[in-house]
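Chemist: Provided below for reference: sequence and predicted model.
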Amino acid sequence: MFTIEQVDDIIIKKDGIDFMKVKRKFGWGVTSRFYRNDNLLLETWLFTAAFYMKVKVKTQSIPQVIEMRKEGGQFYKMYYGDNDLSLELKYFRKPPFIIYKNAFEVAKIGPQRLVTFGGRSFKMESDIKDDDENTLLLMFFLMQLREFS
């Protein structure tokens, strides 16, 4: 299980051990820099306004080259190799966020049951055992995570 804790930056832990960090900079949109073992893996930019969302991959240094495409719906899809990831929000389901890989459900993300002050906390349960693949799932979700409203 992965825990995601956000105040300004985001700290991801796998089974209680630091796994990844996301440094966020707010301005005309949100710039997110994804780090694992102090190595910059990905830099993205997110702009949201009302019902509009724009996600842009600025730089990447991960083994799988990723591409983000808006294909209708509320969220973007991520393409890498012969695979695609999609995200669905089911408002009355717990957990509400579902990630699909090639149309099969592979991960669920929902809020932690902890009380947080000035931040957000999520947990992700994944059917995938590979850390590199779970890194992609986490990046896919977090690059579309809107700033606090």
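Modeler: Received, thanks. Residues are numbered from 1 along each chain as shown.
Chemist: please enumerate the strands of this structure.
Modeler: Defined through DSSP state E, the strands belonging to the chain, from first to last, are 2-6, 10-14, 17-27, 29-36, 39-49, 52-60, 66-69, 77-80, 83-89, 97-101, 104-111, 120-126.
Chemist: would a markdown table of those strands with mean neighbour count and distance to Leu145 be doable?
Modeler: For every residue, glycine as well, the C-beta is placed using N, CA and C. Shown next, in a markdown table, are the strands of the chain (neighbours: other CB atoms under 10 Å; distance: least, CB to CB, whole Å):
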| stretch | mean neighbour count | distance to Leu145 |
| --- | --- | --- |
| strand 2-6 | 20 | 8 |
| strand 10-14 | 18 | 8 |
| strand 17-27 | 14 | 9 |
| strand 29-36 | 18 | 8 |
| strand 39-49 | 16 | 8 |
| strand 52-60 | 14 | 10 |
| strand 66-69 | 15 | 14 |
| strand 77-80 | 18 | 14 |
| strand 83-89 | 17 | 10 |
| strand 97-101 | 19 | 10 |
| strand 104-111 | 16 | 10 |
| strand 120-126 | 17 | 8 |
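Chemist: reformat those as CSV; add mean pLDDT and distance to Asn134.
Modeler: As requested, the strands of the chain are arranged in CSV below (pLDDT from 0 to 100; distance: least, CB to CB, whole Å):
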stretch, mean pLDDT, distance to Asn134
strand 2-6, 91, 7
strand 10-14, 95, 8
strand 17-27, 93, 8
strand 29-36, 94, 11
strand 39-49, 94, 13
strand 52-60, 93, 17
strand 66-69, 95, 14
strand 77-80, 96, 13
strand 83-89, 95, 12
strand 97-101, 96, 10
strand 104-111, 94, 8
strand 120-126, 92, 5
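Chemist: which one is Arg36 nearest to, not counting chain neighbours?
Modeler: Spatial nearest neighbour of Arg36, excluding adjacent residues (CB to CB, 6 or more residues apart in numbering): Met20 at 4.8 Å.
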